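Peer 1: Test case, fold it:
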Amino acid sequence: MTKKTVVVALGGNAILQPGQKGTFEEQYGNVQRTVEQLAAMVLSGKWRLVITHGNGPQVGNILLQQDAAKAVVPPMPMDVCGAESQGFIGYMIQQAFHNVLAHAGRGDIPVATIVTQVLVDKADPAFENPTKPVGPFYSAEEAKRLQAEKGWHVVEDAGRGWRRVVPSPDPKAIVEREAIRLLVENRAIVVASGGGGIPVIKEDGTYRGVEAVIDKDLAGERLAEDVGAAVFLILTDVDRVRLNYKRPGEKVLDRLTVAEAKGYAQQGHFAKGSMEPKVKACVRFIEAGGERAVIASLAQAVEAAEGRAGTQVVRG
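Peer 2: Purely as a prediction, here's the structure:
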């Protein structure tokens, strides 16, 4: 059987469920259940597996810890915090895979996490219009002080206090793509581009980290192109894409063509920062030559990859 490569983009619920405190035990338990789903894909013998994931709550907690300890330990920039979260989450996924595969008699399958940089354009308009809230809430006085001292962009957030906002630039290239390809070609399950990757720019042939947040589904699509994936699978907290979501006339979509997706997006059916980037990523993948993209719930991973669940995004 010829195996196909699938890139799976895990939503936040795969690592941290709503209402949980975020202890290591809670997160590892969620990862364990997620890996049991994904391992079934590997054990079927049909798929080479590449995994990417969100990291919003984890980076948020790192920033909170840094803020609490700033008088004792120098805080690190956001790109470093992103790298820390990739290692932390990758460790959990790797260990859970090793254990699940060993119990299935397939402990010979290698698993690796790649700390992944993602190239962005320093001229991206997002750098002139930061929109992504990150980190703790501040009083108006402290927010203004940080704005003056650090050059941060700060905004008032829905009456809850003031927060820093950072750019969300478009991903242009996966810096470690060749290393990732080699691992995939040599049977490894690879965890890469976590949290949308560590955003970097390139100046005079030199990479430099920037303080920004890349959408993880758009970065996952770039990763899927780079590894030659046949299927790009976005697992989230809903089972399918919907029109008029939670409004009168709600309609569930089992199948969505590229043309339909673009039309519905123009009509405003997909929420910004939520379903919109997921649909956009699926459209990009198909237009770049991918066979299928799927948006489905975490519990439907195997069925969705095989075309039997979720919203199947196809050419047309």
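Peer 1: so residue 242 sits in a strand?
Peer 2: Yes. Judged by DSSP: H, G, I helix; E, B strand; the rest coil, residue 242 forms part of a strand.
Peer 1: pLDDT of stretch 250-264, averaged?
Peer 2: Mean per-residue pLDDT for stretch 250-264: 96.
Peer 1: Pull up the distance across it, start to finish.
Peer 2: One end of stretch 250-264 sits 13 Å from the other (CA to CA, to the nearest Å).
Peer 1: Can you give the contact residues for that stretch?
Peer 2: With contact meaning CB atoms under 8 Å, 6 or more residues apart in numbering, stretch 250-264 is reached by 240-244, 270, 279, 282-283, 286-287, 311-316. The C-beta positions use only the backbone N, C-alpha and C, and glycine is treated the same way.
Peer 1: Could you rerun that using 10 Å?
Peer 2: Applying CB atoms under 10 Å, 6 or more residues apart in numbering, the contact partners of stretch 250-264 are 238-245, 269-270, 279-280, 282-287, 293-295, 307, 309-316.
Peer 1: Tell me which of those fall in helices.
Peer 2: Residues of these located in helices (DSSP state H): 279, 280, 282, 283, 284, 285, 286, 287.
Peer 1: Tell me, how many residues neighbour the closest residue to residue 114 other than its chain neighbours?
Peer 2: In space, and not counting its chain neighbours, residue 114 is closest to residue 192: 4.5 Å by CB to CB, 6 or more residues apart in numbering. Neighbourhood size, residue 192 [other CB atoms under 10 Å]: 30.
Peer 1: quick one on the thing from earlier: would JSON lines of the ones in helices among the contacts of stretch 250-264 with neighbour count, distance to residue 150 and pLDDT be doable?
Peer 2: Formatted as JSON lines, these follow (neighbours: other CB atoms under 10 Å; distance: CB to CB, whole Å; pLDDT from 0 to 100):
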{"residue": "279", "neighbour count": "25", "distance to residue 150": "35", "pLDDT": "97"}
{"residue": "280", "neighbour count": "18", "distance to residue 150": "31", "pLDDT": "97"}
{"residue": "282", "neighbour count": "28", "distance to residue 150": "37", "pLDDT": "98"}
{"residue": "283", "neighbour count": "21", "distance to residue 150": "37", "pLDDT": "98"}
{"residue": "284", "neighbour count": "19", "distance to residue 150": "34", "pLDDT": "98"}
{"residue": "285", "neighbour count": "26", "distance to residue 150": "37", "pLDDT": "98"}
{"residue": "286", "neighbour count": "21", "distance to residue 150": "41", "pLDDT": "98"}
{"residue": "287", "neighbour count": "11", "distance to residue 150": "39", "pLDDT": "98"}
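Peer 1: Now render the residues you listed as JSON lines, adding distance to residue 118.
Peer 2: Output for those, formatted as JSON lines (distance: CB to CB, whole Å):
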{"residue": "279", "distance to residue 118": "20"}
{"residue": "280", "distance to residue 118": "16"}
{"residue": "282", "distance to residue 118": "19"}
{"residue": "283", "distance to residue 118": "19"}
{"residue": "284", "distance to residue 118": "15"}
{"residue": "285", "distance to residue 118": "16"}
{"residue": "286", "distance to residue 118": "21"}
{"residue": "287", "distance to residue 118": "20"}
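Peer 1: so which of those residues would you say is closest to residue 134?
Peer 2: Closest approach to residue 134 among these (CB to CB): residue 280, at 21.4 Å.
Peer 1: The closest one contacts residue 221, correct?
Peer 2: Yes. With contact defined as CB atoms under 10 Å, residue 280 counts as touching residue 221 (8.4 Å).
Peer 1: Common neighbours of these two, please.
Peer 2: Common neighbours of residue 280 and residue 221, counting by CB under 10 Å, 6+ apart, are residue 215.
Peer 1: hey, where'd the helices end up in the stretch 1-150 of the chain?
Peer 2: Along the stretch 1-150 of the chain, the segments classed as helices by DSSP state H, counting those that start in this stretch run 24-43, 56-68, 78-103, 140-150.
Peer 1: Can you spell out which helices and strands pack onto the first one?
Peer 2: On a contact count with 3 or more CB pairs under 10 Å, 6 or more residues apart in numbering; DSSP states H and E, helix 24-43 meets strand 4-10, strand 47-53, helix 78-103, strand 189-192, strand 231-236, helix 301-305.
Peer 1: Noted, bye for now.
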